[in-house]
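>>> Show me the folded form of this:
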Amino acid sequence: MRRVAITGTGAISALGKNTAEFAEALREGRCGIGPIQSTDITGLRFQNGAEVKDYSHKPYLEDRVADFMDRFAQFAVIAAREAVADAGVQWTPELRETSAIVTGSCVGGQSTEDIGFVSLYKNGQNRVHPLTIPKTMANAGASHISMECGIVGPSYTVSTACASAAHAIGQAYWMVRSGMTDLAVTGGSEAPFSLGLLKAWEAMRVVSPDTCRPFSKDRHGMILGEGSAMLVLEPLDAAVARGARIHAEIVGFGMSADAAHITQPSSEGAARAMRGAIWMARSRAGLPSSHRLQPGNLESSRVLPAAPKTSRCTGSSRWRPPRPMRSRRWAARPR
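As a prediction, the model looks like this:
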């Protein structure tokens, strides 16, 4: 198995339109959350989000190209372009055939979908824009990155809610690590600020009315954000040989499922994913790992909770449907 290095990074988000701006904002502790401006939010219970401020495609894409892309796909191309430039990739026909693109997107082109629905249901038109499907599909970002870079190897998108980008990066890591590909462009992209989707989030009553405080006692919920972040992954030996700057090395990755509630994550599921990543890292380092850090082992049980011992599939515990989500803050408000 090959060691995998990160040699390129790219980003566009509420904290900055490139990696340098993003990193500076993080160091200074700036917040990217503010009033949503790209969509009319008059009828929403929440007013704030993490938007890319004053975004226009014109500095990055020609009008004729941008017309074929939803906002989320534009973000994906912008971040990927920066990551590839940062990595200093010198494309050859062979490298283009042995490279991969793996992106993550939860909802795809919601802005385009919203426009189509408004045309049909509000304006009474009997047709939508002919590019609605190509612009809406979640893999549009990966497709446009492929055309941007000329990559003809594997190109696909993972859609697993909030874990989409993390899963995409992990899949790309496995592909480079195993030798399936010699380079991968990977990351995630979202643009969720369309009225229809915002109303759907409002119905779940999980979005904060003010800001996001994930570790605070008085937290009120989450905040939606948009943007994209992309990485270039390649074998460490190849990166060193060509004199590339090594940002970091990925040494492990793990995934898991809670097999429980559809909207309430379990800490046990997260713990299993972390155990998988630690096991992979220990294996690569040549450390003992035959036990896979299972619950009950001394070194894992001290810090990670054990997995559930019951199984719904075998009937050893009774399955009950999940209860509807209801925020305490909103529960007291009249409709």
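>>> Count the residues that sit near the closest residue to residue 238 other than its chain neighbours.
Nearest non-adjacent residue to residue 238, counting by C-beta to C-beta, 6 or more residues apart in numbering: residue 182, 7.0 Å away. Bear in mind the C-beta positions are built from the backbone N, C-alpha and C, glycine included. When neighbours are defined as other C-beta atoms under 10 Å, residue 182 has 19 of them.
>>> Equivalent analysis for residue 74, please.
As a burial measure, residue 74 scores 25 neighbours (other C-beta under 10 Å).
>>> Contacts only, for it.
Contact partners of residue 74, counting by C-beta atoms under 8 Å, 6 or more residues apart in numbering, are 57, 60-61, 66.
>>> Redo those residues as a markdown table? Include neighbour count, distance to residue 27 and secondary structure.
Output for these, formatted as a markdown table (neighbours: other C-beta atoms under 10 Å; distance: C-beta to C-beta, whole Å; DSSP: H, G, I helix; E, B strand; the rest coil):
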| residue | neighbour count | distance to residue 27 | secondary structure |
| --- | --- | --- | --- |
| 57 | 17 | 28 | coil |
| 60 | 17 | 25 | coil |
| 61 | 19 | 29 | coil |
| 66 | 17 | 32 | helix |
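>>> Residue 218 and residue 212: what is the separation?
With distances taken as C-beta to C-beta, to the nearest Å, residue 218 is found 12 Å from residue 212.
>>> out of the two, which sits in the busier spot?
Remark: of residue 218 and residue 212, residue 212 carries more neighbours, 18 against 5, as counted by other C-beta under 10 Å.
>>> Using the three-state scheme, assign the more buried one.
When classified by DSSP: H, G, I helix; E, B strand; the rest coil, residue 212 comes out as coil.
>>> and the end-to-end length of stretch 146-156?
10 Å (C-alpha to C-alpha, to the nearest Å).
>>> contacts for it?
In contact with stretch 146-156 (C-beta under 8 Å, 6+ apart) are residues 77, 80-81, 84, 91, 96-103, 139, 142-143, 145, 175, 180-181, 185.
>>> Just the buried subset of the residues you listed, please.
Taking 16 or more other C-beta atoms under 10 Å as the criterion, what is buried in the contacts of stretch 146-156 is 77, 80-81, 84, 96, 98-103, 139, 142-143, 145, 175, 181, 185.
>>> show me where the stretch 51-200 of the chain has helices.
63-66, 71-87, 93-97, 110-117, 132-136, 140-149, 164-178, 195-204 (DSSP state H, counting those that start in this stretch).
>>> Let me see the contact set for residue 43.
Neighbours of residue 43 in contact, by C-beta under 8 Å, 6+ apart: residue 199.
>>> err, residue 25, not the other one
Per C-beta under 8 Å, 6+ apart, neighbours of residue 25: 15-16, 32.
>>> Could you do residue 284 as well?
Counting by C-beta under 8 Å, 6+ apart, residue 284 has contacts 1, 3, 251-252.
>>> residues near the nearest residue to residue 37 once chain neighbours are set aside, how many?
Using C-beta to C-beta, 6+ apart and skipping the chain neighbours, the partner closest in space to residue 37 is residue 51 (6.4 Å). Neighbour count of residue 51, defined by other C-beta under 10 Å: 23.
>>> go on, the one 4 residues further on?
Neighbour count for residue 55, taken as other C-beta under 10 Å: 20.
>>> what does residue 209 give?
By other C-beta under 10 Å, 15 other residues sit near residue 209.
>>> So for it, what's the nearest residue that isn't a sequence neighbour?
Among residues not flanking residue 209 along the chain, residue 46 sits closest, at 5.2 Å (C-beta to C-beta, 6+ apart).
>>> What score does the one you found have for pLDDT?
As summarised for this prediction, residue 46 has a pLDDT of 94.
>>> And residue 321, by the same measure?
50.
>>> next one: the one 4 residues further on
At residue 325, the predicted lDDT confidence score is 48.
>>> Same question for residue 296.
So, for residue 296, pLDDT stands at 45.
>>> isn't residue 110 right up against residue 189?
No: with contact defined as C-beta atoms under 8 Å, residue 110 does not reach residue 189; the gap is 11.9 Å.
>>> quick one, which of those two is more surrounded?
residue 189 (35 against 23).
>>> Next, find the distance separating the more buried one from residue 222.
18 Å.
>>> Just to check, residue 70 is in contact with residue 193?
No: counting by C-beta under 8 Å, residue 70 stays clear of residue 193, with 11.8 Å between them.
>>> Give the intersection of the neighbour lists for these two.
The contact sets of residue 70 and residue 193 overlap at 110-111 (C-beta under 8 Å, 6+ apart).
>>> Looking at these two, which is more packed in?
Between residue 70 and residue 193, residue 70 has the larger neighbour count (other C-beta under 10 Å), namely 28 against 23.
>>> so how many other residues sit close to the residue lying closest to residue 211 once chain neighbours are set aside?
Distances taken as C-beta to C-beta, 6+ apart put residue 33 closest to residue 211, at 5.3 Å, once the chain neighbours are dropped. If you count neighbours by other C-beta under 10 Å, residue 33 ends up with 18.
>>> If I look at residue 33, what pLDDT would I see?
The model's pLDDT for residue 33 equals 96.
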